[in-house]
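> The amino acid sequence is not available; the structure is as follows:
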């Protein structure tokens, strides 16, 4: 059995295009929802407003966002996650 690259293993698990939910967390005192939607729209411009769900932490200090997109490729997903990682307002993305 030949060793498979990480991309080959990923492609065995994901069948593009597919629905995919990106989860992001950050501080609640900023307009994180607008920031995250702007980042995601750079790579997936067809997301709708109802594709975004938010939830505050119990203390209301943090907010989590779930953005559902139709993912087209691993490269698209990698670009979204890299931009979220680079954003100073995003604490974590899953």
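Good, I have the coordinates. Here the structure is a predicted model, which is why all the values come from computation and not from measurement. Numbering: from 1, shown residues only.

> residues near residue 24, how many?
Neighbours of residue 24 under the rule other CB atoms under 10 Å: 26. Every residue, glycine included, has its C-beta placed from N, CA and C.

> Then the one 10 residues further on?
By the measure other CB under 10 Å, the count of residues near residue 34 is 10.

> Give me the phi and psi for it.
phi -70, psi -40 (degrees, to the nearest 10).

> any idea how far residue 28 is from it?
As defined by CB to CB, to the nearest Å, residue 34 lies at a distance of 13 Å from residue 28.

> for the chain, which residue is closest to the average position?
Centroid check for the chain by CA atoms, centre = their mean gives residue 22 as the closest residue, at 3.1 Å.

> mind checking the SS state of that residue?
With DSSP: H, G, I helix; E, B strand; the rest coil as the basis, the three-state label of residue 22 is strand.

> The nearest residue to it once chain neighbours are set aside: neighbour count?
Leaving out its chain neighbours, the residue that sits closest to residue 22 by CB to CB, 6 or more residues apart in numbering is residue 67, at 4.8 Å. Applying other CB under 10 Å, we find 24 residues neighbouring residue 67.

> Good, we can wrap up now.
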